[in-house]
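**Q** missing the sequence, but the structure's below:
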Ligand SMILES: [Zn+2]
Ligand SMILES: [Zn+2]
């Protein structure tokens, strides 16, 4: 505990401007209410990952970014889970999407050896292609790494990506793995897993990150933070992760919101947001 904890009560008021640096909104039926609750919780922007869902289908992320330019940015990629299902035309589609100014990052790509829903070799090849694309279009990279940090770090270096603006999203690795990514110039992004009772290793990693490379995210609809654990996650819940990150780093929630929001604006080249007044959802 620290003496700034009193500022926690400010989380959720309109003076706090927070960015959810990684979420998913495909398939939700109550989108307008989810966006309204996000604004009410103090969020000023969401980075919505637009991922391959079926041949030719990358979901609604870019469409949402077009309809809510000030509030939503999109990314585009083929998730490592889907790397073996997607075809050449889908990789070509990612290259086209990557040119869109509202697609602010390439991702999420990476390696997930926990599920191995695509064979590891196919995941590695897809990760290489996304890294090359991100470098070619000069946009940041969003990495999803689970139980694969060693291979992912090697591949990232082999591809010459050291120093390329990169978000290692939903970081759940060890402090040593955090240190390795930090040495390559990456940002680490923390999800609700930071708040879990068994998340002490993740909190130890969060203590190592330079303040200018910290991000917060929900990865909604997954990984709802305490005290919402078990519920469907949504961007408004990022406030709870921010609260724990602030406590871990001995900052007030407002200070941590300012730090992570500035980092997200810089990393994703977001338009100036903080002066934009909060407003209700316009009907489509
Ligand atoms: Zn992910
Ligand atoms: Zn994700």
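**A** Noted; the coordinates are in hand. Quick caveat, the model's predicted, so the values are computed rather than measured. Numbers count the residues shown, from 1 in each chain. Ligands and ions are numbered 1, 2, ... in the order given.
**Q** now the strands: where do they sit in this structure?
**A** Using DSSP state E, the strands found in the chain span residues 18-23, 43-48, 72-76, 103-112, 141-146, 166-168, 187-190, 214-216.
**Q** now render these as TSV, adding distance to residue 176 and mean pLDDT.
**A** For every residue, glycine as well, the C-beta is placed using N, CA and C. Below are the strands of the chain laid out as TSV (distance: least, CB to CB, whole Å; pLDDT from 0 to 100):
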stretch	distance to residue 176	mean pLDDT
strand 18-23	23	98
strand 43-48	27	97
strand 72-76	28	98
strand 103-112	17	98
strand 141-146	14	98
strand 166-168	14	99
strand 187-190	13	98
strand 214-216	18	98
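**Q** got a markdown table for the ones you listed, with mean neighbour count too?
**A** Shown next, in a markdown table, are those (neighbours: other CB atoms under 10 Å):
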| stretch | mean neighbour count |
| --- | --- |
| strand 18-23 | 29 |
| strand 43-48 | 27 |
| strand 72-76 | 28 |
| strand 103-112 | 26 |
| strand 141-146 | 26 |
| strand 166-168 | 28 |
| strand 187-190 | 28 |
| strand 214-216 | 26 |
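**Q** so which of those strands gets nearest residue 181?
**A** Among the strands of the chain, strand 166-168 comes nearest to residue 181, with 5.1 Å by CB to CB.
**Q** ok, for residue 187, nearest residue in space, not its chain neighbours?
**A** Of all residues not flanking residue 187 in the chain, residue 213 sits nearest, at 4.5 Å (CB to CB, 6 or more residues apart in numbering).
**Q** surely that neighbour meets residue 182?
**A** Yes. Residue 213 lies in contact with residue 182 (CB atoms under 8 Å); the separation is 6.8 Å.
**Q** now do the shared contacts for the two.
**A** Applying CB atoms under 8 Å, 6 or more residues apart in numbering, one finds that residue 213 and residue 182 are jointly contacted by residue 188.
**Q** per-residue pLDDT of the residue nearest to residue 187, please?
**A** pLDDT recorded at residue 213 is 98.
**Q** got any ranges where this structure has weak pLDDT?
**A** 1-16, 273-284 (pLDDT under 70).
**Q** and it, which residues reach ligand 1?
**A** 108, 144 (CB under 5 Å from the ion).
**Q** which single residue in the chain comes nearest to ligand 1?
**A** residue 144 (3.4 Å; CB to the ion).
**Q** would you mind measuring from that residue to residue 199?
**A** 18 Å (CB to CB, to the nearest Å).
**Q** can you check residue 148 too?
**A** Residue 148 is 20 Å from residue 199, by CB to CB.
**Q** what is the burial count for the residue lying closest to residue 271 once chain neighbours are set aside?
**A** Distances taken as CB to CB, 6+ apart place residue 70 nearest to residue 271, at 7.3 Å, with adjacent residues excluded. Counted with other CB atoms under 10 Å, the neighbours of residue 70 add up to 14.
**Q** next: residue 89.
**A** Counted with other CB under 10 Å, residues neighbouring residue 89 total 9.
**Q** in the stretch 101-250 of the chain, which spans are helices?
**A** Along the stretch 101-250 of the chain, counting by DSSP state H, counting those that start in this stretch, helices occupy 120-137, 149-158, 175-183, 200-208, 238-249.
**Q** re the thing from before, just put the strands of the chain in CSV and tack on distance to residue 262.
**A** Listed next are the strands of the chain as CSV, based on distance: least, CB to CB, whole Å:
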stretch, distance to residue 262
strand 18-23, 9
strand 43-48, 12
strand 72-76, 15
strand 103-112, 16
strand 141-146, 18
strand 166-168, 14
strand 187-190, 12
strand 214-216, 10
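**Q** closest one to residue 236 among the ones you listed?
**A** strand 43-48 (6.8 Å).
**Q** and the closest one, what other elements does it pack with?
**A** If contacts are counted by 3 or more CB pairs under 8 Å, 6 or more residues apart in numbering; DSSP states H and E, strand 43-48 sits against strand 18-23, helix 61-67, strand 72-76, helix 253-267.
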